[in-house]
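Enquirer: Let me see the structure of the following:
(one chain, ligands or ions: 2)
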Amino acid sequence: MNKKALRKEMMATLSSMKPADKQEREEILKSRLLDLIESQGIQSLGIVLSMPHEMDTDGIIDHLTLQGKVIYTPVCNYENKQMEFRRFTSFDKVTKDEKNLRIPEYTEDVNNHPEMIVVPGLIYSQDGYRIGYGGGYYDRFLSHYDGLKVSLLFEEQLGEVIPENHDIPVDLLITPERTIDAEAERKRNV
Ligand SMILES: Nc1nc2c(c(=O)[nH]1)N(C=O)[C@@H](CNc1ccc(C(=O)N[C@@H](CCC(=O)O)C(=O)O)cc1)CN2
Ligand SMILES: Nc1ncnc2c1ncn2[C@@H]1O[C@H](COP(=O)(O)OP(=O)(O)OP(=O)(O)O)[C@@H](O)[C@H]1O
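Expert: Ligands and ions are numbered 1, 2, ... in the order given. As a prediction, this is how the structure comes out:
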């Protein structure tokens, strides 16, 4: 199957998850991520404002904002294909971009080097390679980023991903069941 068909299939799988079941697993993912942030002493992080079929990030963002962590969310420039991370302060100060994605209202407070970035995606291999939504926004961005890269996913999203030249793998994969040290998997595979 090509990447486009794989994306479509995974979107359908995610959309067909029973809401109660999805919510229960998201709660586990949330607490696993919060534990990691705590144990690593992370103060600043980049994370998406989720779309309906995605892993819900609003609860995570709420919790971290209350803890005083500094949150940045992505804003895409669809012309030059670049992405930057803008400071998020409140859900009252969120607007929509031209593709209907939620973004923080304009602020000059941009930080492209938060300590951790939660990287979105549809399909992941155990060694941290990823099929995203196809813009290449994260791959381009991550080529200049050297902090901790973490992804949150359901077990159903683990599969085979054939790495391409520009693909930047993540360091850790968190599922409701386990945390996979993707970097160690890569070392094991060479
Ligand atoms: N919630 C959330 N925000 C996010 C992402 C994400 O995965 N989730 N992104 C993660 O990268 C970035 C946005 N990614 C995008 C990827 C592709 C297109 C896009 O141009 N889509 C085409 C259709 C592509 C297709 O053929 O399926 C379009 O809308 O015309 C837009 C945004 C930043 N913000
Ligand atoms: N570092 C880069 N420099 C230039 N072009 C890139 C880079 N990374 C990705 N691209 C281009 O972006 C397009 C989409 O890439 P790809 O299919 O790997 O996206 P993806 O991994 O699904 O998305 P994302 O990285 O946004 O989650 C491709 O045409 C690819 O060549």
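Enquirer: Flag every buried residue along stretch 21-37.
Expert: By 16 or more other C-beta atoms under 10 Å, the buried positions in stretch 21-37 come out as Lys22, Arg25, Glu26, Leu29, Lys30, Arg32, Leu33, Leu34, Leu36, Ile37. Glycine gets a C-beta too; all of them are placed from N, C-alpha and C.
Enquirer: Look up how far Gln43 lies from the last one.
Expert: Remark: distance between Ile37 and Gln43 (C-beta to C-beta, to the nearest Å) = 9 Å.
Enquirer: now do Gly134
Expert: 32 Å.
Enquirer: Between those two, point out the one with more neighbours.
Expert: Counted by other C-beta atoms under 10 Å, Gly134 and Gln43 do not tie: Gln43 has more neighbours, with 14 against 10.
Enquirer: would you list every one of the strands in this protein?
Expert: 44-46, 70-77, 82-88, 94-96, 102-104, 116-118, 123-124, 130-131, 148-152, 172-174, 179-181 (DSSP state E).
Enquirer: Using JSON lines, lay out the ones you listed together with mean pLDDT and distance to ligand 1.
Expert: JSON lines is the format used below for these (pLDDT from 0 to 100; distance: least, C-beta to the nearest ligand atom, whole Å):
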{"stretch": "strand 44-46", "mean pLDDT": "98", "distance to ligand 1": "10"}
{"stretch": "strand 70-77", "mean pLDDT": "98", "distance to ligand 1": "4"}
{"stretch": "strand 82-88", "mean pLDDT": "97", "distance to ligand 1": "6"}
{"stretch": "strand 94-96", "mean pLDDT": "97", "distance to ligand 1": "11"}
{"stretch": "strand 102-104", "mean pLDDT": "98", "distance to ligand 1": "7"}
{"stretch": "strand 116-118", "mean pLDDT": "98", "distance to ligand 1": "10"}
{"stretch": "strand 123-124", "mean pLDDT": "98", "distance to ligand 1": "13"}
{"stretch": "strand 130-131", "mean pLDDT": "97", "distance to ligand 1": "10"}
{"stretch": "strand 148-152", "mean pLDDT": "98", "distance to ligand 1": "11"}
{"stretch": "strand 172-174", "mean pLDDT": "98", "distance to ligand 1": "16"}
{"stretch": "strand 179-181", "mean pLDDT": "98", "distance to ligand 1": "20"}
